[in-house]
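In: need a 3D model of the following:
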Amino acid sequence: MTVSPAKARSVGVARASPERLDEGRTVLKIKGREVPVSNLEKVFYPKANFTKGQVIDYYIKVSPLLLPHLKDRPLTLKRYPDGVAGGFFYEKRCPSHRPPWVQTAPVWSDRLETKIDYCLANDLPSIVWAANLGDLELHTFLARTKNIDQPTMVVFDLDPGPPANILQCAQVGLWLKDKLDELKLQSFAKTSGSKGLQVYIPLNTSVTYATTKPFAHGLAERLEREHPEMVVSKMQKHLRAGKVFVDWSQNDRHKTTVCVYSLRAKDYPTVSTPVEWDEVRTALKQKDPKRLSFVSDEVLERVEEHGDLFSSVLKLKQRLPKVG
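Out: Have a look, this model is predicted:
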């Protein structure tokens with residue numbers, strides 16, 4: 001569970017000092033907090049022999065880049081207590097047994113007609129605590145708690161319907177980028193860590209979902225009209241076979257999206273990874289879907305070399321134009 005000095009220097013990794021307790025339990029001393037963890041040798045990804053301890057270790061190492069993207073965003077826990085081969089469950093309400101230092105944010109639920117206290121992962125101890133619960137995936141709101149109705153970005157989730165794969169998503173993503181370029185909007189791509197690709201438009205200006213959702217829907221429909229052989233914008237699943245569903249519906253106050261640098265609960269510890277548009281073009285040109293798939297160790301190597309390719313999503317200010 002310790003982090004190598006070389007890696008710590010290169011990406012500013014937080015160090016965790018383990019202290020063994022009885023019955024397979026350990027306390028990690030992180031940033032002045034004592035975080036109890038357990039069953040670190042339990043295998044969470046059987047095909048990769050990747051353990052719970054390695055999950056926590058990955059999140060510790062990537063945390064300098066991950067934390068700014070999590071800051072003040074309500075978090076839905078997606079817990080796999082027995083790893084990816086076991087069942088999972090979503091947990092919106094932050095567990096009552098959380099440590100006192102785990103921050104929460106109240107968010108109104110129309111369905112329940114009450115406020116739900118969501119967890120916030122604003123520091124490394126909170127991430128480690130959540131990972132110890134089996135929260136492999138980090139799903140966050142597109143808005144921050146202080147302005148919960150004001151998303152800081154627009155997101156398009158490009159989801160391939162078999163036999164389409166991430167290469168078809170790459171083509172649709174590039175078509176989408178061209179449209180956004182015409183609107184003078186900078187966009188950024190990341191892998192979903194699962195089957196597809198996601199395209200983000202940073203905003204960081206005053207806007208509501210009443211603007212961002214119709215904007216995303218309109219662009220998705222435009223892509224469908226221009227490329228009906230490959231693109232679908234309608235929600236019905238039976239329409240998606242062999243095509244890419246441009247999911248615009250994520251731009252909603254009640255939806256969460258997997259956070260950049262989050263692990264995914266697949267056969268291997270793949271990660272939702274930021275990629276440069278040139279990488280997307282190269283993968284498409286070479287017809288190599290492996291160029292758009294990254295596991296945890298590869299992501300740590302990438303951030304050593306490139307830093308945070310998604311940093312502009314946090315700070316770039318843009319306004320959505322009116323689209324006729």
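In: in the stretch 151-300 of the chain, where is pLDDT below threshold?
Out: Along the stretch 151-300 of the chain, segments meeting pLDDT under 70 are nowhere present.
In: all helices for it, in order.
Out: For the stretch 151-300 of the chain, the helices defined by DSSP state H, counting those that start in this stretch cover 166-182, 209-226, 277-286, 296-306.
In: pick the most deeply packed of the ones you listed.
Out: Greatest average neighbour count among those goes to helix 166-182 (a mean of 20), per mean count of other C-beta atoms under 10 Å. (Glycine included, C-beta is placed from N, CA and C.)
In: report all helices and strands that that one contacts.
Out: Contact analysis of helix 166-182 by 3 or more C-beta pairs under 8 Å, 6 or more residues apart in numbering; DSSP states H and E lists strand 153-160, strand 188-191, strand 197-202, helix 209-226, strand 244-247, helix 277-286 as its packing neighbours.
In: next, the closest residue to residue 300 other than its chain neighbours: phi, psi?
Out: Using C-beta to C-beta, 6 or more residues apart in numbering and skipping the chain neighbours, the partner closest in space to residue 300 is residue 61 (5.6 Å). Note on residue 61: backbone dihedrals following degrees, to the nearest 10 are phi -70, psi -40.
In: quick one: residue 61 from residue 127, how far?
Out: The gap separating residue 61 from residue 127 is 11 Å, by C-beta to C-beta, to the nearest Å.
In: same check, this time on residue 281
Out: 33 Å.
In: next: residue 68.
Out: 12 Å.
In: with neighbour numbers in mind, choose between the two.
Out: residue 127 (25 against 15; other C-beta atoms under 10 Å).
In: in contact with that one, which residues?
Out: 59-60, 63, 66-67, 70, 121, 138 (C-beta atoms under 8 Å, 6 or more residues apart in numbering).
In: before we move on, what about residue 149?
Out: Applying C-beta under 8 Å, 6+ apart, the residues near residue 149 are 143, 208-209, 253.
In: now residue 258
Out: Residue 258 neighbours (C-beta under 8 Å, 6+ apart): 137-139, 192-193, 264, 272.
In: try it again at 7 Å.
Out: 137-139, 192-193, 272 (C-beta atoms under 7 Å, 6 or more residues apart in numbering).
In: ok, the residue lying closest to it once chain neighbours are set aside to residue 47 distance?
Out: Spatial nearest neighbour of residue 258, excluding adjacent residues (C-beta to C-beta, 6+ apart): residue 272 at 5.1 Å. Counting by C-beta to C-beta, the gap from residue 272 to residue 47 is 19 Å.
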